[in-house]
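Mind folding the following:
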Amino acid sequence: MDSIKLIIEEHKLLGDQLFKLAKSELIKTYRASAFGWAWALVKPTVRIFVFWFAFTVGLRAGKPVEGYPYILWLVAGFLPWFYMQDMLNGGAGCIRKHNHLVTKMKFPVSTIPTFVSISHLYVHWVLLGITIVLFMAFGFMPDIYYLQIIFYMILMFVFFTIWGLLAGLLAAISQDFQNLVRSFTQAIFWMSGVMYNVDIIHNPTIRLLLKFNPITVISGGYRKAFIYKQWFWEDPVELGCFCVTLIVFTLLALWAFKHLRKEVPDVL
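Take a look at the predicted model:
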């Protein structure tokens, strides 16, 4: 409880500055490139096109889903993945990246993952807007199911901000942890539900285990809003699995914050 109170106090102390820091983080990320903000859109566009081409043209497996073209099904699941991928890697390296804040300014450590997460969320909002326009261009207008995108976005933000605190502290103590995360990111991608619908897996044990993966739940949640037209409460098992994972990672993050935050400035 003491750790929770301290984290809340540190966030209250900065308040609106977190959003300013997030904006500054975003500007610094793309300032050095000639195309600037365009790179935030080019990278996901190219990646989606490559997978669409491979599965639709190459493997001829990209069939329409629920009456929606395969490219739209792909986009709906990939949309949250780009944020989650950035936080998997960026969250693990956020404290090391901003070590000057910790060592020279005695900046509240718990707030660093938060403004980093917010900066990635800004890009996610832009991609979300483009996705909605893309669906409209194909003749699929927004409906009431789009409202639950907000719900899944909140779950995604909360979980990966907590992940950023846990992974950021561990990576600050040992850079090997950050290297480990980078090496497993691609494996995590293929073992989640970004590229396939886990509900069609025949083995019930594997299907259940995959639902403990937050990436599977979030990616599937966006597809429920865009493609399948299902509400989040229609699958209580999936939501329960996510809550269990969230609680476990929250406890781990609080443990890391309690035991490592005072050591981080010395290590860095």
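
helix, strand or coil for I206?
helix (DSSP: H, G, I helix; E, B strand; the rest coil).

doesn't F232 make contact with K224?
Yes - using CB atoms under 8 Å, K224 is in contact with F232, at 7.0 Å. Heads up, the C-betas are built off the backbone N, CA and C, glycines and all.

shared neighbours, these two?
Counting by CB atoms under 8 Å, 6 or more residues apart in numbering, the common neighbours of K224 and F232 are Q148.

More neighbours: which of those two?
More crowded of K224 and F232, by other CB atoms under 10 Å: K224, with 21 against 18.

Report the separation between that one and M153.
13 Å (CB to CB, to the nearest Å).

Return the per-residue confidence for M84.
M84 is assigned a pLDDT of 92 by the prediction.

secondary structure element for it?
helix 70-97 (DSSP states H and E).

Tell me which helix or strand comes right after that helix.
Next helix or strand after helix 70-97 toward the C-terminus (DSSP H and E): helix 99-103.

okay but L127 is in contact with P44, surely?
Yes - with contact defined as CB under 8 Å, L127 counts as touching P44 (6.3 Å).

Touching both of those two, which residues are there?
F82.

List the buried residues for stretch 174-191?
Neighbour-count burial for stretch 174-191 flags 177-178, 181 (criterion: 16 or more other CB atoms under 10 Å).

give the contact list for T185.
85, 88-89.

before we move on, what about F177?
Under the criterion of CB under 8 Å, 6+ apart, the contact list for F177 reads 92, 167, 170-171.

mind giving me TSV with those residues and columns for secondary structure?
Below are the contacts of F177 laid out as TSV (three-state DSSP):
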residue	secondary structure
A92	helix
A167	helix
L170	helix
A171	helix
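
which other residues reach stretch 89-106?
Residues contacting stretch 89-106 (CB under 8 Å, 6+ apart): 107, 109, 112-113, 116-117, 120, 160-161, 163-164, 167-172, 175, 177-178, 181-182, 185, 264-265, 268.

Sounds good, over and out.
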